[in-house]
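> below is the structure, and that's it, no one-letter string:
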Ligand SMILES: [Fe+2]
């Protein structure tokens, strides 16, 4: 896995200098749609840690198409790694490759992740990994002779404790556009699926790009054309304040 920094933007959405919503330092936040489509992500360095500004900037960029989550109860979700948690986004262990809100009919197109506090063992822990669609399709074909048709047709089962059951393929064709719907930690492994899932994960690990966010950096992910996961995280006890220090993030989902 290798880290790629942002290249020169091909398609630019420039925010107006005179906007009342946008702080001066964020007047040139630019979204490179082509880069995000191809590599799965873009990093904006030194955005800052003002969460209100984060919301305002992405509200502006998305023309007020921020994604409201019923479960979270807001458009912006702040969370931190905990010593013990049942919530997948707050655990120390490495997360599974996934797309967000995969069971929704229309999952949001993009995710913006703002680093509000780095991992105590930054930059070695608390990183992110991104799997772009094209390299994964190519790797699955080369390594396991899995065709695009197979990835579109082969159903993966998801069973939940409340009795709900879904079957979804890794890729869907939505109006001619390929889209990921997958969650490594939620998919049900059984005799019929274990080999296929192992092949998917091997290929994902092989093509994943490793991303390191510093304090105040923003990672913009494609939620349709990429899978993402959190790398392993740590916690550190501050005995003077009697608190646990850990990676803290804010996330916003949006459409363009
Ligand atoms: Fe996620």
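Arrived safely, thanks for sending. The structure presented is a predicted model; accordingly, all values stated were derived computationally and were not measured.
> contacts and neighbour counts: CA atoms only from here.
Fine.
> which stretches of the stretch 1-150 of the chain form strands?
41-44, 76-80, 110-117, 128-132 (DSSP state E, counting those that start in this stretch).
> just send those strands back as TSV, with distance to residue 29 and mean pLDDT too.
Listed next are the strands of the stretch 1-150 of the chain as TSV, based on distance: least, Cα to Cα, whole Å; pLDDT from 0 to 100:
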stretch	distance to residue 29	mean pLDDT
strand 41-44	8	96
strand 76-80	18	92
strand 110-117	13	97
strand 128-132	21	97
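> residue 199 belongs to a strand, doesn't it?
No: assignment of residue 199 by DSSP: H, G, I helix; E, B strand; the rest coil gives helix, placing it outside any strand.
> make 705 the first number, not 1, from now on.
Understood, numbering begins at 705; the last thing we discussed is residue 903.
> and the nearest residue to it once chain neighbours are set aside, what pLDDT?
Closest residue to residue 903 apart from its sequence neighbours, by Cα to Cα, 6 or more residues apart in numbering: residue 848 at 7.1 Å. Looking at residue 848, its pLDDT is 98.
> and residue 848, how far from residue 888?
18 Å (Cα to Cα, to the nearest Å).
> for stretch 747-759, which positions count as buried?
747, 748, 749, 751, 752, 753, 755, 757, 758, 759 (16 or more other Cα atoms under 10 Å).
> re earlier: when residue 848 and residue 888 are compared, which one has more neighbours?
The neighbour count for residue 848 versus residue 888, taken as other Cα atoms under 10 Å, is higher for residue 888 (17 against 13).
> and the more buried one, what is it in contact with?
800, 801, 802 (Cα atoms under 8 Å, 6 or more residues apart in numbering).
> element containing the residue nearest to the spatial centre of the chain, please.
Ranked by distance to the mean C-alpha position of the chain (Cα atoms, centre = their mean), the top residue is residue 932 at 4.3 Å. Using DSSP states H and E, residue 932 falls within strand 930-934.
> quick one: the helices in the protein?
With DSSP state H as the criterion, the chain has helices at 737-743, 755-765, 837-848, 852-857, 898-911.
> chain center to the longest one, what's the gap?
How far helix 898-911 lies from its chain's middle: 18 Å, per Cα atoms, centre = their mean, to the nearest Å.
> spatially nearest residue to residue 897, not counting backbone neighbours?
residue 860 (7.3 Å).
> and for the one you found, the neighbour number?
The burial count for residue 860: 19, using other Cα under 10 Å.
> just checking, it touches residue 891?
Yes: between residue 860 and residue 891 there is a contact under Cα atoms under 8 Å: 6.8 Å.
> ok, and for stretch 762-781, which residues are buried?
762, 763, 764, 765, 766, 769, 770, 771, 772, 779, 780, 781.
> can you check stretch 788-806 too?
So, applying 16+ other Cα under 10 Å, buried residues of stretch 788-806: 793-796, 798-806.
> from those residues, which two are the most distant?
796 and 806 (22.5 Å; Cα to Cα).
> ok, now which ones touch the residue nearest to residue 897?
Neighbours of residue 860 in contact, by Cα under 8 Å, 6+ apart: 871, 872, 873, 874, 891, 892, 897.
> give the buried subset of the residues you listed as a PyMOL selection command.
Applying 16+ other Cα under 10 Å to the contacts of residue 860, the buried members can be selected in PyMOL as follows:
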select buried, resi 872+873+874+891+892
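> how big is the angle separating the strand holding residue 932 from helix 898-911?
80 degrees (axes from the mean of the first three to the mean of the last three Cα atoms, to 10 degrees).
> what lies in contact with strand 930-934?
By Cα under 8 Å, 6+ apart, strand 930-934 touches 743-745, 793, 798-803, 830-837, 884, 886, 925.
> let me know the average pLDDT across it.
97.
> contacts only, for residue 890.
Taking Cα under 8 Å, 6+ apart as the definition, contacts of residue 890 comprise 862, 863.
> mind running it again at 7 Å?
residue 862 (Cα atoms under 7 Å, 6 or more residues apart in numbering).
> next one: the one 4 residues further on
For residue 894, no residue meets the contact criterion (Cα under 7 Å, 6+ apart).
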